[in-house]
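Colleague: Next come a sequence and a model predicted from it.
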Amino acid sequence: MKRFINYLLLGVLSAGLGCETKYLNASPELYLGTNDNFAPIRRFESCTILYSMTNFTSQIDQTSQQTALKNTAELWGQAHGYLELKEAAGRTPAITVTFTDSASFTTKMTKEGLVSQPLRALSMIKRTTNGCSVLLRKSYDWKLPVLQRVLLYQMGVALGLQDSNEEESAMSLTNSYGKLSLSKADSTTISNVYNQPCDEWTKIDTRLFLSSSDLVRTRATFSNQSKGYCIIDLLNGVNKVVEFDPASTTGNWIVRKPFPGLVAPSSTRTLVTFTIENRMFVGNLYSTQVGKFWEYIPAKGSEPDSWQPIADCPLMVLGGDAQAFGVGKKGYVIYNVPRVYSWRVWGYAPLANKWSEEPELTLANSGTLRSQSDITTFSIDSAVYLMPSYGDHWRFSPSLRSTPWQKINPLQISDSFYPFSTRNTGFLFRPYSTQLWRFNEKTKWQLCNSMPERLTNPYFSFSIAKRVFICWNTETFYRYNP
């Protein structure tokens, strides 16, 4: 109404002065671009999508344009979690961004003002057999906030999202310019459209900080959502802790403060680790004394890393004869009672800093749990799966107090496996082959895509930021996108 009154007053004033009424050539309304998606559709099979800018507008500095494209691409990738939109950097891009006036940009009539005026689209998409081109109108007077908004919209179009009537959506043609964010509905839609497993292996091009002897003497690993850690036995009672940061641009590997506890030889393994809601715990379990445990506090900014002691674990059992893991808000240790053939459970509550035996979680007649090599485990959501080399396979759900143990169908292959888990799925790698199997409650056991090469048992692995990093030797370090 206010805009209408302003235009009316302008018209009256112009008529009174005997002037010809002249409206602005550019309306406050902008036409972001066109969308060829009439329903959400997956436009790329791969979860790794490369992009590049083929040229630049002279109205914004080149670095800012590249950063705008990078930021908008990363927003869509992070919203999904497993999509990776990356600068092509010399490789063939699936998405190109080009400034041009040669394309047939669509025109529509503006709804702003008293008199409807034609508006040309600022962008359009052109599909090719190998990807798509985002075309931007070169002659437009580009400003950075508008460029960012158009790129955010067209990245969504390129990926296969349709326009939205939700005002906060990046796919809304009325969303405010310069606002660089996605709505909850945007995140849900991109996750649903690209909901199939990625199942992609990438060899990591990084200098492995560890030597061959370090790998052999790696006694324990642990990780949170951003970094992974190895505890390495340097012999003579000395150890070192190394940190792996996949996001680092200066150096992926850093030496951190050594573990304050004992690091025993592999023949008498005592170390166990578990993570609870991104907090990492490491400790020793002994058969003749209480277990000593610490929480590892990662370095943050200028603050160095540290080891903080927590309550002793009263359980007296060798670490190599137990399994430890974090589920929900607690850590758990499962161990075998000799000659009783039952698995018993101790739990650690970090808020109370207290260990307690949980007899209601005991599994009777379970067979033996002699060493870590006798049982394969992985965690999915709020449950742990335990698969002995012989006997029944089990799902342990501590939140189901009345029925915490349930049998599961085993993988019908008699062999040793290397386990890991991510994306609410458990994985079993079959050494000396290219086989990788996945398991979840919905699909059960499925064979994944073949691995890039035939490999032996890995030395260690980390689950970091929804990816798994696996090391076989100093020259073979892979990232798996599930």
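Modeller: Done, it's in.
Colleague: Each with direction, which strands does the host helix or strand of Y335 pair with?
Modeller: Using DSSP states H and E, Y335 sits in strand 330-337. Sheet pairing here is set by DSSP bridges, and for strand 330-337 it gives strand 322-327 (antiparallel), strand 342-349 (antiparallel).
Colleague: looking at these, which is buried most?
Modeller: strand 322-327 (a mean of 22; mean count of other Cβ atoms under 10 Å). For the C-beta atoms, the positions are set from N, CA and C on the backbone; glycine is no exception.
Colleague: ok so, going back, next, format the strands paired with strand 330-337 as CSV and append distance to D163.
Modeller: Below are the strands paired with strand 330-337 laid out as CSV (distance: least, Cβ to Cβ, whole Å):
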stretch, distance to D163
strand 322-327, 42
strand 342-349, 49
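Colleague: Those strands: which one's closest to V115?
Modeller: The minimum distance between V115 and these falls on strand 322-327, with 65.2 Å, by Cβ to Cβ.
Colleague: Dump the C-alpha coordinates for stretch 80-94 into CSV.
Modeller: Presented in CSV, the C-alpha positions along stretch 80-94 are these (Å, rounded to 0.1, in the frame of the first residue of the first chain):
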residue,chain,number,x,y,z
HIS,A,80,23.0,-33.8,3.1
GLY,A,81,26.1,-34.9,5.0
TYR,A,82,27.4,-37.4,2.5
LEU,A,83,27.4,-35.2,-0.7
GLU,A,84,30.8,-33.6,-1.5
LEU,A,85,30.7,-30.6,-3.8
LYS,A,86,34.3,-29.7,-4.5
GLU,A,87,36.3,-27.4,-6.8
ALA,A,88,37.3,-29.4,-9.9
ALA,A,89,40.9,-28.1,-9.7
GLY,A,90,41.9,-29.3,-13.1
ARG,A,91,39.6,-32.3,-13.2
THR,A,92,36.4,-32.5,-15.4
PRO,A,93,33.6,-30.6,-13.6
ALA,A,94,30.0,-31.8,-13.5
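Colleague: thinking again about what came up before, nearest to K444, of the strands paired with strand 330-337?
Modeller: The nearest among those, by Cβ to Cβ, is strand 322-327 at 21.0 Å.
Colleague: what's the distance between E29 and F105?
Modeller: Distance, E29 to F105, by Cβ to Cβ, to the nearest Å: 16 Å.
Colleague: report the longest helix in the protein, please.
Modeller: Taking DSSP state H as the criterion, the chain has its longest helix at helix 62-80.
Colleague: That one - contacts with which helices or strands?
Modeller: strand 48-53, strand 84-87, helix 144-159, helix 184-193 (3 or more Cβ pairs under 8 Å, 6 or more residues apart in numbering; DSSP states H and E).
Colleague: got the ones you listed as CSV, with distance to Q323, mean neighbour count and mean pLDDT columns?
Modeller: Below are the helices and strands packed on helix 62-80 laid out as CSV (distance: least, Cβ to Cβ, whole Å; neighbours: other Cβ atoms under 10 Å; pLDDT from 0 to 100):
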stretch, distance to Q323, mean neighbour count, mean pLDDT
strand 48-53, 34, 21, 97
strand 84-87, 33, 19, 94
helix 144-159, 41, 23, 96
helix 184-193, 32, 17, 96
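Colleague: can I get the ones you listed in a markdown table with distance to S116?
Modeller: Shown next, in a markdown table, are these (distance: least, Cβ to Cβ, whole Å):
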| stretch | distance to S116 |
| --- | --- |
| strand 48-53 | 34 |
| strand 84-87 | 38 |
| helix 144-159 | 22 |
| helix 184-193 | 30 |
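Colleague: quick one, which of these is nearest to P40?
Modeller: helix 184-193 (4.8 Å).
Colleague: surely N440 meets S421?
Modeller: No: in this structure N440 lies outside contact range of S421 using Cβ atoms under 8 Å: 9.6 Å.
Colleague: pretty sure V333 is touching L315, no?
Modeller: Yes: when contacts are counted by Cβ under 8 Å, V333 is listed as touching L315 (6.2 Å).
Colleague: overlap in contacts of these two?
Modeller: L285, A322, W346 (Cβ atoms under 8 Å, 6 or more residues apart in numbering).
Colleague: Could you report the neighbour count for the residue lying closest to the second one once chain neighbours are set aside?
Modeller: This means A322. Using Cβ to Cβ, 6 or more residues apart in numbering and skipping residues adjacent in sequence, the residue nearest A322 is Y335, 4.1 Å away. When neighbours are defined as other Cβ atoms under 10 Å, Y335 has 21 of them.
Colleague: Among the shared contacts of V333 and L315, which one lies nearest to F477?
Modeller: Of these, the one sitting nearest to F477 (Cβ to Cβ) turns out to be A322, at 28.9 Å.
Colleague: quick check, K292 in a helix?
Modeller: No: counting by DSSP: H, G, I helix; E, B strand; the rest coil, K292 is not part of a helix but strand.
Colleague: That one: how many residues sit nearby?
Modeller: Quick note: K292 (other Cβ under 10 Å) scores 19 neighbours.
Colleague: C47 too?
Modeller: As a burial measure, C47 scores 19 neighbours (other Cβ under 10 Å).
Colleague: The chain should start at 58 in everything you say after this.
Modeller: Renumbered: residue one is now 58, and that last one reads C104.
Colleague: pretty sure it contacts Y251?
Modeller: Yes: judged on Cβ under 8 Å, C104 makes contact with Y251 at a distance of 7.0 Å.
Colleague: Now list whatever residues contact both of the two.
Modeller: With Cβ under 8 Å, 6+ apart as the test, C104 and Y251 both reach Y139, L140.
Colleague: Please look at R458 and G404 and confirm they touch.
Modeller: No: using Cβ under 8 Å, R458 is not in contact with G404, being 11.7 Å away.
Colleague: so what's in contact with those two at the same time?
Modeller: L418.
Colleague: Need the overlap of contacts for N497 and S478.
Modeller: Counting by Cβ under 8 Å, 6+ apart, the residues touching both N497 and S478 are I437.
Colleague: neighbour-wise, which of these two wins?
Modeller: More crowded of N497 and S478, by other Cβ under 10 Å: S478, with 22 against 15.
Colleague: Could you check how far that one is from S436?
Modeller: 5 Å.
Colleague: Ok, Q219 next?
Modeller: In terms of Cβ to Cβ, Q219 sits 37 Å off from S436.
Colleague: Could you do N410 as well?
Modeller: For N410, the distance to S436 - Cβ to Cβ - is 23 Å.
Colleague: Show me which of the two is the more surrounded one.
Modeller: S436 (21 against 11).
Colleague: Could you check which helix or strand contains that one?
Modeller: Short version, using DSSP H and E: S436 is in strand 432-437.
Colleague: What segments of the stretch 308-457 of the chain are strands?
Modeller: Ranges of strands within the stretch 308-457 of the chain are 310-313, 328-333, 336-341, 349-354, 363-366, 379-384, 387-394, 399-406, 411-414, 420-421, 432-437, 440-445, 450-453, based on DSSP state E, counting those that start in this stretch.
Colleague: I'd like those strands as CSV, with distance to R194 and mean pLDDT appended.
Modeller: Putting these into CSV (distance: least, Cβ to Cβ, whole Å; pLDDT from 0 to 100) gives the following:
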stretch, distance to R194, mean pLDDT
strand 310-313, 46, 93
strand 328-333, 50, 95
strand 336-341, 51, 96
strand 349-354, 52, 97
strand 363-366, 55, 98
strand 379-384, 53, 91
strand 387-394, 57, 88
strand 399-406, 60, 90
strand 411-414, 65, 95
strand 420-421, 67, 80
strand 432-437, 49, 86
strand 440-445, 53, 88
strand 450-453, 57, 88
